[in-house]
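**Student:** With the sequence up front, the predicted model follows.
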Amino acid sequence: MTVTAVVREWDEAEGWGVLDSPETPGGCWTHWSSVAVDGFRGLAPGQDVQLEWEAADQDGYGYRALRTWPGGADPVEHHGSDDQGAYSSKLTIRFDEDPG
């Protein structure tokens, strides 16, 4: 079910926030990974959003966002790992063979 919500708070450094809607009393916890937009996945306090949610015990909130996107826009699908998520890196170490 999709409902309209408002971003109550968003912690950009930690990548999570709380959304308010009549269907999710007390707030709905959301994470950057559920934000369905192109580019940097973040929200702004006071922003109107569309919200797909589930009942859950998440960090003291009774609801958790499954997908969230700006009101008036279409959600952007993200499948698995992509170039728009959190930073990641890879390190490969190779040792020279022992010449002796």
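**Tutor:** Perfect, I can see it now.
**Student:** which residues in this structure form strands?
**Tutor:** 2-11, 16-20, 28-31, 48-58, 61-70 (DSSP state E).
**Student:** Once you drop chain neighbours, what's closest to the most centrally placed residue in the chain?
**Tutor:** With distances taken as C-alpha atoms, centre = their mean, the residue of the chain nearest its centroid is W32 (2.1 Å). Nearest residue to W32, sequence neighbours excluded (C-beta to C-beta, 6 or more residues apart in numbering): G15, at 3.8 Å. For the C-beta atoms, the positions are set from N, CA and C on the backbone; glycine is no exception.
**Student:** Could you do Q47 as well?
**Tutor:** Nearest non-adjacent residue to Q47 (C-beta to C-beta, 6+ apart): V7, at 4.5 Å.
**Student:** for A36, same thing?
**Tutor:** Here the residue nearest A36, using C-beta to C-beta, 6+ apart, is P75, at 3.6 Å.
**Student:** pLDDT below threshold where in the protein?
**Tutor:** Counting by pLDDT under 70, the chain shows low-confidence ranges at 79-89, 99-100.
**Student:** again, 50 this time
**Tutor:** Residues of the chain that meet the criterion pLDDT under 50 lie in 81-85.
**Student:** The residue nearest to the centre of the chain contacts W16, doesn't it?
**Tutor:** Yes - with contact defined as C-beta atoms under 8 Å, W32 counts as touching W16 (7.0 Å).
**Student:** returning to that earlier point: wait, the residue nearest to A36 touches R67, no?
**Tutor:** Yes - applying C-beta under 8 Å, one finds P75 in contact with R67, separated by 6.0 Å.
**Student:** I appreciate the help and will end here.
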